[in-house]
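Student: predicted model, plus sequence, below.
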Amino acid sequence: MQLGVIGLGRMGRIVVDRVLDAGHDVVAFDLSEEAVAAAADAGAEPADSVADLADRLGDDKRIWLMVPAGDAVDATLDDLDPHLDEDDVVVDGGNSHFEKSVRRAEACSAAYLDCGTSGGPAGAELGFSLMIGGPQWAYDEMTPVFDAVATGPDGHDRMGESGSGHYVKMVHNGVEYVLMQAYGEGFELLAEGRYDLDLESVSRTWNNGAVIRSWLLELCEEAFREEGTDLGDVDDHIAGGSTGTWTVQEALEQEVPVPLIYQSLAERFGSRADDRFSRRLANRLRYGFGRHEVARKDE
Ligand SMILES: NC(=O)C1=CN([C@@H]2O[C@H](COP(=O)(O)OP(=O)(O)OC[C@H]3O[C@@H](n4cnc5c(N)ncnc54)[C@H](O)[C@@H]3O)[C@@H](O)[C@H]2O)C=CC1
Ligand SMILES: O=C(CO)[C@H](O)[C@H](O)COP(=O)(O)O
């Protein structure tokens, strides 16, 4: 099969390499000329625009988008659409909002598959977990590519109709936030608690047979090994949060209680301010109701 890949960053480059390794052909485009040149060095055919990529693919185009979610997806689809027809297939492998994917599928001249991708850069060797939504025929058509990009045939499946792939990935990310928060709280208690513990040793021991072993726990072990048991100079600021926000918004709309996911998201937001208004007000209110001394900033 011949696959066009648009977006050759951390994730798109892995798609290129794994598809080439499986014996398929790849035509590659990115706004970054360096990224295109690097993909060409790896064996892909370089394209210098979206239109050029489409021309090089010929009939029955199979195209994988791995650009940042949002405007970049729409801009790419705007450029691509005049070159597409109903026999073509476009996969969006990024973290797009599922409702946008539904709208894009309706507007796209080709069959459109929304594909939640999990595994991060470690997927270069292991392969990804792929959660796919959209027409069955298009999923079947792309199966050789999904087999190559995923861990194998069990590493991908069609979740259902359009939007369902990105919906499942959105919830996956909400779960990811909670697991990170749970490990974080446990290790914080161990770090601040009664015993002088080596947290790399704790996580390594837990990773070997414990009920709570997992890949995220392996990444905790790696973090303590590389940063030290006190995490060295790693800041207490957590970036990101869009997919967790969408999960909470959807849970509110569906009236499904997800307190742990919300709490984990709130912890992220809280990490971005050292000077919380709510804490300052609570400090002052204790004076109001109890005449407790107000701690002042210059004290
Ligand atoms: N990094 C990760 O661990 C994961 C990322 N994702 C998702 O995969 C998508 C890609 O992520 P990364 O590869 O990490 O991002 P990245 O920032 O490493 O790469 C994005 C690439 O897209 C290119 N690009 C941007 N706009 C473009 C356009 N209009 N046309 C062509 N190329 C364009 C950039 O030049 C860059 O090379 C995002 O939606 C992200 O949320 C999903 C799962 C895991
Ligand atoms: O999807 C992912 C992992 O599964 C990506 O790493 C994503 O970039 C995480 O973003 P955020 O922390 O903002 O939710």
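Tutor: Received it, and whenever you're ready, just let me know what you need. Ligands and ions are numbered 1, 2, ... in the order given.
Student: hang on, Asp147 packs against Asp154?
Tutor: No. Using C-beta atoms under 8 Å, Asp147 makes no contact with Asp154, being 9.9 Å away. Where C-beta positions appear, they are placed from N, C-alpha and C, glycine not excepted.
Student: between those two, who's got more neighbours?
Tutor: Asp147 (19 against 9; other C-beta atoms under 10 Å).
Student: could you confirm that one falls within a helix?
Tutor: Yes. Counting by DSSP: H, G, I helix; E, B strand; the rest coil, Asp147 is found in a helix.
Student: helices of the chain, start to end?
Tutor: Along the chain, counting by DSSP state H, helices occupy 12-21, 33-41, 50-57, 71-80, 98-107, 123-126, 136-149, 164-192, 199-207, 215-227, 242-254, 259-270, 277-290.
Student: flag every buried residue along the shortest one.
Tutor: Translated: helix 123-126. Of the residues in helix 123-126, Gly123, Ala124 count as buried by neighbour count, 16 or more other C-beta atoms under 10 Å.
Student: helices or strands up against that helix?
Tutor: Helix 123-126 sits against helix 12-21, with contacts defined as 3 or more C-beta pairs under 8 Å, 6 or more residues apart in numbering; DSSP states H and E.
Student: now the helix it packs on - C-alpha only, CSV.
Tutor: The C-alpha coordinates for helix 12-21 follow below in CSV (Å, rounded to 0.1, in the frame of the first residue of the first chain):
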residue,chain,number,x,y,z
GLY,A,12,3.8,11.3,12.6
ARG,A,13,7.4,10.2,12.2
ILE,A,14,6.7,7.0,14.0
VAL,A,15,3.8,6.3,11.7
VAL,A,16,6.2,6.8,8.7
ASP,A,17,8.9,4.6,10.1
ARG,A,18,6.6,1.7,11.1
VAL,A,19,4.7,1.8,7.8
LEU,A,20,7.9,1.8,5.9
ASP,A,21,9.3,-1.1,8.1
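Student: please see if that helix touches ligand 1.
Tutor: Yes. Against ligand 1, helix 12-21 shows contacts by C-beta under 6 Å from any ligand atom at Gly12.
Student: hmm, Leu80 is touching Val90, no?
Tutor: Yes. The pair Leu80 / Val90 is scored as a contact, 7.0 Å apart, by C-beta under 8 Å.
Student: looking at these two, which one has more neighbours?
Tutor: Val90 (27 against 23).
Student: that one touches Met66, doesn't it?
Tutor: No. Assessed by C-beta under 8 Å, Val90 is found out of contact with Met66, at 11.8 Å.
Student: for Leu126, give me its contacts.
Tutor: Gly119, Thr151 (C-beta atoms under 8 Å, 6 or more residues apart in numbering).
Student: distance of it from Leu31?
Tutor: Leu126 sits 28 Å away from Leu31, going by C-beta to C-beta, to the nearest Å.
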